[in-house]
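Asker: How does the following fold in three dimensions:
(one chain, ligands or ions: 1)
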Amino acid sequence: MSALSLQDIGHAYLGRTVLENIHLEIEEREIVALVGPSGCGKSTLAHIAADLVEPRAGKIDRRYRRHSMIFQEPSLLPWATAAQNIAYSLQIAGVKRGERREKVAVAAERVALFSEDLRKYPVELSGGMKQRVAIARALATNPDFIYFDEPFTALDVALRRRMQDLVINTCAGGQLSGLFITHDLQEAARLADRIAVLDSHGHGVLGIRSFPLPPQERDDVTIFKWVQSALKEDPLFRHIHDVDERQIA
Ligand SMILES: Nc1ncnc2c1ncn2[C@@H]1O[C@H](COP(=O)(O)OP(=O)(O)OP(=O)(O)O)[C@@H](O)[C@H]1O
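Answerer: Okay, here's the model as predicted:
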């Protein structure tokens, strides 16, 4: 059974259509990467799926228990320490005060945040550390579905890889499903079970590709070769690096 089902989703901002006829199913324990040119509506679709934006058309079935979101911008509360930021999501989720400390510690450990980091305020943390706090905050409530909206784009290569590994391992060992938006086909090929490509103008999902091996069994050479061949030979990926909104005049 699918964890998330999007049927015939359509949306417009100020009368301008950004999404039309979008169908997408995400199975339980599956990560689907959503790729497509800048401005094609990927974030809008994630926001609709996560119930942050009301779509103009379509039907959404959320069959998961609880979701979290991780954005490119960590958006931490500046007046709260890292630990308090993580605990805040637990408070919102209704976790009793007495149970929060333990859950914060477990989530922090999963992203390699130490107790001295947990005492710091966001202004004292590097960009990578802030993003780790945001990921710990998302994991702390024990979601079974996560929306990832380009969460690692701003991180350096080494940290990005560690965070991708965290996603791969968390999914491999648990009950997690997710929608992972990224511009980076290499990243999609590393951590997703399937890759869905959105049309340049949000007019439907153009196609979906899946991998023969689960993410934890793919090595770097396999991923590299897959990406090279997808970009050279698969017409589905022909337009994913179009940059309609970021073109330099
Ligand atoms: N709140 C809003 N009001 C008006 N227009 C919006 C709003 N949010 C997004 N848009 C427009 O809708 C279109 C789709 O935006 P969206 O952010 O969903 O695309 P995206 O594929 O995620 O882009 P990127 O890859 O650059 O992050 C864009 O043209 C964007 O400018």
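
Asker: May I have the secondary structure class of residue 209?
Answerer: strand (DSSP: H, G, I helix; E, B strand; the rest coil).

Asker: wait, what's in contact with it?
Answerer: 194-195, 197, 230, 234, 236 (C-beta atoms under 8 Å, 6 or more residues apart in numbering). Just so you know, the C-beta spots here come from the backbone N, C-alpha and C atoms, and that holds for glycine as well.

Asker: Get me the contact residues on this structure for the ligand.
Answerer: 13-14, 18, 36, 38-44, 245 (C-beta under 6 Å from any ligand atom).

Asker: any idea where the helices of the chain begin and end?
Answerer: 42-49, 82-92, 97-110, 115-118, 127-140, 157-173, 185-191, 220-233 (DSSP state H).

Asker: Residue ranges in this structure under the pLDDT threshold?
Answerer: Judged by pLDDT under 70, the chain has its weakly predicted residues at 173, 202, 242-249.

Asker: center of it, which residue is that?
Answerer: residue 148 (1.3 Å; C-alpha atoms, centre = their mean).

Asker: For that residue, give the beta-bridge partners.
Answerer: Legend: beta-bridge partners of residue 148 under DSSP bridges are residue 70, residue 180.

Asker: Check the contact between it and residue 70; I expect there is one.
Answerer: Yes: counting by C-beta atoms under 8 Å, residue 148 touches residue 70, with 5.1 Å between them.

Asker: on that earlier part again, residue 201: which of the helices of the chain is closest?
Answerer: Closest of the helices of the chain to residue 201 is helix 42-49, at 12.3 Å (criterion: C-beta to C-beta).

Asker: any idea how far that closest one is from the chain center?
Answerer: 11 Å (C-alpha atoms, centre = their mean, to the nearest Å).

Asker: same thing with stretch 55-62?
Answerer: 19 Å.

Asker: Send over that stretch as CSV, restricted to the C-alpha atoms.
Answerer: Coordinates of the C-alpha atoms in stretch 55-62 are reproduced here as CSV (Å, rounded to 0.1, in the frame of the first residue of the first chain):
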residue,chain,number,x,y,z
PRO,A,55,-4.2,22.6,-4.0
ARG,A,56,-6.6,24.0,-6.6
ALA,A,57,-7.4,20.5,-7.8
GLY,A,58,-6.8,16.9,-7.0
LYS,A,59,-6.9,14.3,-4.3
ILE,A,60,-4.3,13.5,-1.7
ASP,A,61,-4.2,10.3,0.4
ARG,A,62,-1.8,10.4,3.3
